[in-house]
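Kindly generate the corresponding structure for this input.
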Amino acid sequence: MGLYEFFYEYFILPIKENQGYNPVNTLVYALILGIAVILLYRMLKRMGIRVDERFFRALIPYVILGPLMRSMTDVGILPRTYLTVSPGGYFVIAAFAIASLYTVWRHCGNEKFHPLYRDFGWILVGGLLFILAINLDKVDFNWGVLKYFIPALLVAEAFIWVLARRFRLIRDNDLLFYTHFYDATTTFVGIQFFGFWEQHVLARWLIDTLGTPAAMYLEKFLILLPVVWILDQMRGEEDEDLVNFVKLTVFILGFGPGTRNLLIMLMGGG
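You can find the predicted model right below:
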């Protein structure tokens, strides 16, 4: 198999035929993500931008852009290309976020950075919402999703709330657990009640092995628990901004896919 055939089989074909992820592209994308996190962290350090609550709030609109664009692609408002579905779509959004970050910082400095960066992100979100608004005839809203999603979410988040009261590790990282159980709930509801399927290799194997999409909750918990423990252990040894940035990445990896799943179900995509 030549290089082109290898790339086509493991990277292009899965997107073209909506096959989901495979072990090869999963590993490569994970490596790209790891390298990107390190490079972005170093970029923020050189720019003197702290990874704190202000930065988190400023980044929220860019986190929303990805799932919004993907859901609009699934219902046919945006063309389905490598640049509008996972992972290409997230590369595009990341490029917008980084370019906007550098441009705002370069021209405004740190003093006005956070509000201007946030507002520019909301302008981009507003642009996508405008495109959605003028194409509502292509959307078949399914509000019945909520009668399954809301109860399932309440039970899942109540479970985390109970654990957070008993275990400090979960209490100190409750936002991450709440966010990833939100993501797990959207997957559970989509597969259990609406005929969706899981695209990720490990999650797909676990669901098939246990015979229920509720396995997503187990996967999220078993992966998240050691991750946050390691990060908390690093806090005294590594730069706090680095730990915060990795935790921010973990948050995005839960909030982005979860919101994408929910929007796709609500907008009648599949």
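
Next, the buried residues of the helix-or-strand element of the chain with minimal mean pLDDT.
Across the helices and strands of the chain, mean confidence by mean pLDDT, DSSP states H and E is lowest for helix 13-16: a mean of 76. For helix 13-16, the neighbour count (16 or more other CB atoms under 10 Å) marks 14-15 as buried. (C-beta placed from N, C-alpha, C; glycine too.)

Pull it out as PDB, backbone CA atoms only.
C-alpha atoms of helix 13-16 as PDB (Å, rounded to 0.1, in the frame of the first residue of the first chain):
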ATOM      1  CA  LEU A  13     -12.500   7.500   3.200                       C
ATOM      2  CA  PRO A  14     -13.800   7.500   6.800                       C
ATOM      3  CA  ILE A  15     -14.900  11.100   6.300                       C
ATOM      4  CA  LYS A  16     -16.200  10.600   2.700                       C
END
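
hmm, who's touching that helix?
19-22, 25, 82, 85, 88 (CB atoms under 8 Å, 6 or more residues apart in numbering).

now stretch 122-142
Contacts for stretch 122-142 (CB under 8 Å, 6+ apart): 61-62, 64-65, 68-69, 72, 75-78, 96, 100, 265-268.

Distance check, Asn22 against Phe159.
32 Å (CB to CB, to the nearest Å).

And the helices in the stretch 151-270 of the chain, which stretches?
168-172, 174-194, 201-210, 215-234, 240-266 (DSSP state H, counting those that start in this stretch).

deepest of the ones you listed, which one?
Ranked by mean neighbour count under mean count of other CB atoms under 10 Å, these are led by helix 174-194, which reaches a mean of 22.

quick one: Trp143 and Leu266 touch, right?
Yes: between Trp143 and Leu266 there is a contact under CB atoms under 8 Å: 7.1 Å.

Low-confidence ranges, this protein, go.
1, 237-238, 270 (pLDDT under 70).

let's go with 50 and repeat that
In the prediction, the chain carries no residues with pLDDT under 50.

To Leu154, which of the helices of the stretch 151-270 of the chain lies closest?
Closest approach to Leu154 among the helices of the stretch 151-270 of the chain is made by helix 174-194 (9.3 Å; CB to CB).

With just CA atoms, put that closest one into CSV.
Output of helix 174-194 as CSV, limited to C-alpha atoms (Å, rounded to 0.1, in the frame of the first residue of the first chain):
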residue,chain,number,x,y,z
ASP,A,174,-16.6,18.9,39.1
LEU,A,175,-17.0,21.1,36.0
LEU,A,176,-15.0,18.6,34.0
PHE,A,177,-17.1,15.7,35.3
TYR,A,178,-20.4,17.5,34.8
THR,A,179,-19.3,18.5,31.2
HIS,A,180,-18.3,15.0,30.2
PHE,A,181,-21.4,13.4,31.7
TYR,A,182,-23.4,15.9,29.6
ASP,A,183,-21.5,14.6,26.6
ALA,A,184,-22.1,11.0,27.6
THR,A,185,-25.8,11.8,28.0
THR,A,186,-26.1,13.1,24.5
THR,A,187,-24.5,10.0,23.1
PHE,A,188,-26.6,7.7,25.3
VAL,A,189,-29.9,9.4,24.2
GLY,A,190,-28.9,9.5,20.5
ILE,A,191,-28.0,5.8,20.3
GLN,A,192,-30.6,4.5,22.7
PHE,A,193,-33.7,6.4,21.3
PHE,A,194,-32.8,7.8,17.9
